[in-house]
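Student: Next comes the sequence, and after it the predicted model I'd like to discuss.
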Amino acid sequence: MRKFVLMAIFTVVATQIHAQNNRSAVSVTGNDAASCTVPDPCRTFGAAIVRTNTGGEILVLASGGYGPFTIDRSVSIICPAGLHAAIAPTSGDGITINALSTDQVVIRNLYLNGLGASNGIHFQNGAMLFLDSVVVDRFNNLGIWLEAANSYISINNSVVRRTANTGIYIDGSLGPLRGTINNSRVERGSNQGIQGYSNVKLTITGTTAAGNTTNGFLFNGVGAETSLESCISSLNGGSGVSVGQYVSGGLVRVSNSTITNNGTGFSQTSTGVLQSRGNNTVQGNGTDVSGTITPISGN
């Protein structure tokens, strides 16, 4: 009888250890050996992801630091308003998304602070990535690196600043990327603010690129196509908006935007195409316009 009871207890414990949650949780007072449920949270996102079903969510229960992690499935990682969930890696990437080509990932309200790490968020593989109210600060290479082939990306109400290279780099050379950037800021990077390279189609609205060492917005390479609406590009050492620089190709449409106090305002080179609606403010730059600007016919 005693042996039977012990075996039953062991079976229950083992089942609990390997149970999967639709809703998991992390807390600075949690334990990675826990079940990762809201009443029994884990300490790190990595442990919580392992215990979360595909399509589930992970909630932050307390302010604090949670460490870098990798996402390998569809999941939503949510820090509620009023809490501060920080990732402060010293090497590598802060958050790596290397999921299945059908997976969808949501990250909301996380703060990434690079303390020697290379990249803030690196989207290597997956179908969709949604970044809402994310801050990425002081990484030694790229703030946000998007290169997942055949994917959709959305960046909303987010900030990328003080990177040692480009703030947001969207690379479609492995396969098409599509998406939007809305109401965000990319500031004081040591290269481009936002760059779209090869086979990228974006709509960028209400977004500011300011104080970057080279260009605020750069789009180049065959298939790099972007519309800028109600954006600001200011105080960048190179151009406010540049197309075709370094690599031939690219198309940018600009409307209702302010391009001021840059080395050059609008810059079109090589086979790049820069189209202007004619309602932009392009003034106060070292050179306001360089190259050929094509008017956009209105409807």
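Tutor: It's in. Model, not experiment: these values are computed from the prediction.
Student: Please count neighbours and contacts with C-alpha atoms only from this point.
Tutor: OK.
Student: so how far is stretch 68-77 from its chain's centroid?
Tutor: The chain centroid and the centroid of stretch 68-77 are separated by 14 Å, computed with Cα atoms, centre = their mean, to the nearest Å.
Student: Can you give me the end-to-end span of it?
Tutor: Separation of the first and last residues of stretch 68-77 by Cα to Cα, to the nearest Å is 13 Å.
Student: Stretch 80-91 too?
Tutor: Using Cα to Cα, the end-to-end distance of stretch 80-91 comes to 27 Å.
Student: again, but for stretch 200-219
Tutor: Terminal residues of stretch 200-219 are spaced 9 Å apart (Cα to Cα).
Student: same thing with stretch 257-267?
Tutor: Span of stretch 257-267 from end to end, Cα to Cα: 15 Å.
Student: Kindly report the same for stretch 162-169.
Tutor: Stretch 162-169 has an end-to-end distance of 14 Å (criterion: Cα to Cα).
Student: what does it rub up against?
Tutor: 137-146, 160-161, 186-197 (Cα atoms under 8 Å, 6 or more residues apart in numbering).
Student: what does stretch 150-160 give?
Tutor: With Cα under 8 Å, 6+ apart, stretch 150-160 has contacts from 126-137, 143-144, 167-168, 175-187.
Student: where's it relative to the chain centroid, distance-wise?
Tutor: On the basis of Cα atoms, centre = their mean, stretch 150-160 is displaced by 5 Å from the centre of the chain it belongs to.
Student: Also stretch 282-293?
Tutor: Distance, centroid of stretch 282-293 to centroid of chain: 29 Å (Cα atoms, centre = their mean).
Student: which residue sits closest to Glu44 in space, ignoring its chain neighbours?
Tutor: Actually, residue 44 is Thr rather than Glu. With Cα to Cα, 6 or more residues apart in numbering as the criterion, Thr44 has its nearest non-adjacent residue at 5.4 Å, and that residue is Tyr66.
Student: if I pick that neighbour, what's in contact with it?
Tutor: Residues in contact with Tyr66, defined by Cα under 8 Å, 6+ apart, are 28, 43-45, 85-87.
Student: In strands only, show me the contacts of stretch 162-169.
Tutor: Residues from the contacts of stretch 162-169 lying in strands, with DSSP state E as the criterion: 137, 144-146, 160-161, 186-187, 194-197.
Student: Please give the element, helix or strand, for Leu83.
Tutor: If you go by DSSP states H and E, Leu83 is not part of any helix or strand.
Student: okay if I get the ones in strands among the contacts of stretch 162-169 as JSON lines plus distance to Tyr111, pLDDT and neighbour count?
Tutor: Output for these, formatted as JSON lines (distance: Cα to Cα, whole Å; pLDDT from 0 to 100; neighbours: other Cα atoms under 10 Å):
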{"residue": "Asp137", "distance to Tyr111": "8", "pLDDT": "98", "neighbour count": "25"}
{"residue": "Ile144", "distance to Tyr111": "13", "pLDDT": "98", "neighbour count": "25"}
{"residue": "Trp145", "distance to Tyr111": "16", "pLDDT": "98", "neighbour count": "21"}
{"residue": "Leu146", "distance to Tyr111": "18", "pLDDT": "98", "neighbour count": "24"}
{"residue": "Val160", "distance to Tyr111": "10", "pLDDT": "98", "neighbour count": "28"}
{"residue": "Arg161", "distance to Tyr111": "12", "pLDDT": "98", "neighbour count": "26"}
{"residue": "Val186", "distance to Tyr111": "15", "pLDDT": "98", "neighbour count": "29"}
{"residue": "Glu187", "distance to Tyr111": "16", "pLDDT": "98", "neighbour count": "27"}
{"residue": "Ile194", "distance to Tyr111": "19", "pLDDT": "98", "neighbour count": "26"}
{"residue": "Gln195", "distance to Tyr111": "22", "pLDDT": "98", "neighbour count": "22"}
{"residue": "Gly196", "distance to Tyr111": "24", "pLDDT": "97", "neighbour count": "26"}
{"residue": "Tyr197", "distance to Tyr111": "26", "pLDDT": "97", "neighbour count": "25"}
